[in-house]
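[1] I would like to see how this sequence folds:
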Amino acid sequence: MPEGLINPTVAFDGSKLYIAETNQVSVYDYDVNILKALNKKKIIDLPEGGRHFTRSLLIKDNKLYVAIGSSCDTCVESDGEGRLFGGAI
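    Numbers count the residues shown, from 1 in each chain. A predicted model of the protein is given here:
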């Protein structure tokens, strides 16, 4: 795994490695011959703040979902829902 990451979580989809950090999600080309992640490309900035600093990733139906948690433990979010981003990969 690349060095210097901030609270990383990962998802792997064949030749791509997705890494979610507290503040961003990046995708890397994964070279199976040398077992290295190469060519980092940031795909989205994530909001910081709140008590939940880790991010969860899920790849399903050719989409990448990123759960960033609520901004607090017991409050009701202003949009009425938890915070989840998703998009085609």
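
[2] can you check which strand is longest in this protein?
    Longest strand in the chain, counting residues (DSSP state E): strand 36-45.

[3] list the buried ones in the helix or strand following it?
    Counting by DSSP states H and E, the next helix or strand C-terminal to strand 36-45 is strand 56-60. Within strand 56-60, the residues that qualify as buried are residue 57, counting by 16 or more other CB atoms under 10 Å. Where you see a C-beta, it was placed from the backbone N, CA and C, and this is true even at glycine.

[4] again, but for stretch 52-69
    For stretch 52-69, by 16+ other CB under 10 Å, it's 52, 55, 57, 64, 66-69.

[5] can you check stretch 13-26 too?
    For stretch 13-26, the buried set under the neighbour-count rule, 16+ other CB under 10 Å, comprises 16-22, 24-26.

[6] show the average pLDDT along the helix or strand hosting residue 17.
    If you go by DSSP H and E, residue 17 is part of strand 16-20. Averaging pLDDT along strand 16-20 gives 94.

[7] next, the angle from that strand to strand 36-45.
    Put simply, strand 16-20 runs at 50 degrees to strand 36-45, going by axes from the mean of the first three to the mean of the last three CA atoms, to 10 degrees.

[8] how far is stretch 27-39 from where the chain is centred?
    The gap between where stretch 27-39 is centred and where its chain is centred comes out at 17 Å by CA atoms, centre = their mean, to the nearest Å.

[9] what is the end-to-end distance of that stretch?
    Start-to-end span of stretch 27-39 (CA to CA, to the nearest Å) is 8 Å.
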